[in-house]
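Trainee: pasting the structure only:
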């Protein structure tokens, strides 16, 4: 019997790493999930230990390769959280904990970098023109970009900065551990705001932008395409992970970029709603465009010659996780129990509104001072209502975001998405997808195996990069899953809730800034 040709995808998420093997048809062969903590602190600190990442990745790969399934692995692809920074020495040892995408400590240096007269939305006009023209975006004022992290270290830890050999993105740190190669996929490095992205086939560092940002080129990794084979698993990595020495390693890409590939949205204008720790709406498009007023843009994608819509909201599954902790649910079967509780509450949770901005917001508004809460709480509410309100609050914020995304794509006559694909851990819920369908007023295809869809994207890119799969074959893969349609009663009920949700932010954003300014 002929053995299958398999590829492994590794998804280094914010709270866990998901490792999975797939055959060339995208069928799951073996899986593993390993968790690790986030360290949050004062002044907007958000860090993780890179060595704990590697331990979790190693254990996950060992799980897959020792699962009992006979695998014929031809390549490994990587994906995961991005917009983070790991400073390493020449041997690849971390010199500081990883500063991840949630960290806002670099906001002050970014404000100084972007300020000046005359300005638009806090950006000096000539600087903004340079960034928008070449990159398609600009440094976010929240300080959550990798540029902000590096400049924060340069300003506050000058000895560490001088001793750093390379600043690596989280996924690129794991690739380095596997191969010894200090490289960065060009889709990941865009949040340095120092690359010329006008040709999606050939993204490169720009000397003028490097000088503008105050970055030293020699401390940055060489750029590679997401589908490029950057090396092979070393003997040391093989000993840690159980991956056969010499297995080809593909650079891979960020999770936003990989997720549509994994669900069958590799072609243009096919939107994906991903609900993980954070969430995003994305789609591939053939053009570069920026909406600076809503912190949304199209940037180079993992698909050769294409851009993807970058529109991420900070809090989704983590809001659900947070509420489970607050309500003291036991860890075992927590989500199933919360699902049942939410189902016991009526639509709109007796007019209780949850505000999901637990650590500020990135899109559709960039506001590091926004904070979450329960609005319109009364004695008639119970725990069932609170859990349902969390689901609905995340969905309201997603509807706000969807309008921004559709307007961005609308420049080419694709203003409204009739159908949306849904993936990520939130898609496992028996209730949440229907809430999203009703709130968004869109048909949803909830894909099978949603937990490992982003890892699947990395695996399929590995197949593409090793020339075991063609781009045409990749684009021909379509979403597979159950279809949900908006229910009339839900659509009507949620329109009022959504209106109140927007009004709350409009009425309170100034107060939130004044009250939280000292905590950032």
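Mentor: Structure received. Keep in mind it's a predicted model, so treat the numbers as computed, not measured.

Trainee: in stretch 76-93, what's buried?
Mentor: 76-88, 92 (16 or more other CB atoms under 10 Å). Heads up, the C-betas are built off the backbone N, CA and C, glycines and all.

Trainee: straight-line length of that stretch, end to end?
Mentor: End-to-end distance of stretch 76-93 (CA to CA, to the nearest Å): 22 Å.

Trainee: residue contacts, the residue nearest to residue 443 when sequence neighbours are not counted?
Mentor: Leaving aside its sequence neighbours, residue 443 sits nearest to residue 419 (CB to CB, 6 or more residues apart in numbering; 4.5 Å). When contacts are counted by CB atoms under 8 Å, 6 or more residues apart in numbering, residue 419 touches 442, 443, 444, 445.

Trainee: test my guess that residue 200 contacts residue 306.
Mentor: Yes: if you go by CB atoms under 8 Å, residue 200 and residue 306 touch, sitting 6.2 Å apart.

Trainee: is residue 198 in a helix, a strand, or coil?
Mentor: When classified by DSSP: H, G, I helix; E, B strand; the rest coil, residue 198 comes out as coil.

Trainee: now residue 108: which helix or strand?
Mentor: helix 107-114 (DSSP states H and E).

Trainee: who does that helix touch, helix- and strand-wise?
Mentor: Judged by 3 or more CB pairs under 8 Å, 6 or more residues apart in numbering; DSSP states H and E, helix 107-114 is in contact with helix 125-135, helix 146-156.

Trainee: any idea which of those helices has the lowest pLDDT on average?
Mentor: Lowest mean pLDDT within the helices and strands packed on helix 107-114: helix 125-135, a mean of 94.

Trainee: would you mark the buried spots in that helix?
Mentor: Buried, per 16+ other CB under 10 Å, within helix 125-135: 127, 128, 130, 131, 132, 134, 135.

Trainee: can you tell me which residues contact the second one?
Mentor: Looking back up the chat, that one is residue 128. By CB under 8 Å, 6+ apart, residue 128 lies in contact with 114, 119, 120, 138, 292.

Trainee: now the buried members of these.
Mentor: 114, 138, 292.

Trainee: nearest to residue 152, of the residues you listed?
Mentor: The nearest member of the buried ones among the contacts of residue 128 to residue 152, counting by CB to CB, is residue 114 at 14.7 Å.

Trainee: that closest one and residue 106, how far apart?
Mentor: Distance of residue 114 to residue 106, computed by CB to CB, to the nearest Å: 12 Å.

Trainee: and what of residue 124?
Mentor: Residue 124 is 18 Å from residue 106, where distance means CB to CB.

Trainee: between the two, which one's more packed in?
Mentor: Remark: of residue 124 and residue 106, residue 106 carries more neighbours, 29 against 16, as counted by other CB atoms under 10 Å.

Trainee: surely that one meets residue 154?
Mentor: No: assessed by CB under 8 Å, residue 106 is found out of contact with residue 154, at 9.7 Å.

Trainee: dump the residue contacts of the residue nearest to residue 428 when sequence neighbours are not counted.
Mentor: Spatial nearest neighbour of residue 428, chain neighbours left out: residue 450 (6.2 Å); criterion: CB to CB, 6+ apart. Shown in contact with residue 450 (CB under 8 Å, 6+ apart): 422, 423, 424, 425, 427, 428, 481.

Trainee: now residue 225
Mentor: With contact set as CB under 8 Å, 6+ apart, residue 225 has these partners: 185, 186, 251, 304.

Trainee: which of those sits closest to residue 382?
Mentor: Checking the contacts of residue 225 against residue 382 with CB to CB, the nearest one is residue 185 at 47.5 Å.

Trainee: can I take it that residue 181 is in a helix?
Mentor: No: using three-state DSSP, the secondary structure at residue 181 is coil, not a helix.

Trainee: let me know the pLDDT of it.
Mentor: The model reports residue 181 with a pLDDT of 98.

Trainee: now residue 494: how far from residue 388?
Mentor: Computed as CB to CB, the residue 494 to residue 388 distance reads 12 Å.

Trainee: ok, these two, which is more surrounded?
Mentor: More neighbours surround residue 388 than the other of residue 494 and residue 388, with 27 against 23 (other CB under 10 Å).

Trainee: re earlier: phi first, then psi, for the residue nearest to residue 428.
Mentor: Backbone geometry at residue 450, expressed as degrees, to the nearest 10, gives phi -70, psi -20.

Trainee: just to be sure, residue 507 is in a strand?
Mentor: No: counting by three-state DSSP, residue 507 is not part of a strand but helix.

Trainee: and for it, the neighbour number?
Mentor: So residue 507, with other CB under 10 Å, has 9 neighbours.

Trainee: all numbers from here: first residue = 601
Mentor: OK, 601 is where the count begins now, so the last one is residue 1107.

Trainee: quick one, what contacts it?
Mentor: With CB under 8 Å, 6+ apart, residue 1107 has no contacts at all.

Trainee: please report how far it lies from residue 867.
Mentor: In this view, residue 1107 and residue 867 are 41 Å apart by CB to CB.

Trainee: and the pLDDT at residue 647?
Mentor: 98.

Trainee: where along the stretch 851-1000 of the chain do the strands fall?
Mentor: 872-875, 879-882, 884-885, 890-891, 896-900, 907-910, 912-913, 953-955, 973-975 (DSSP state E, counting those that start in this stretch).
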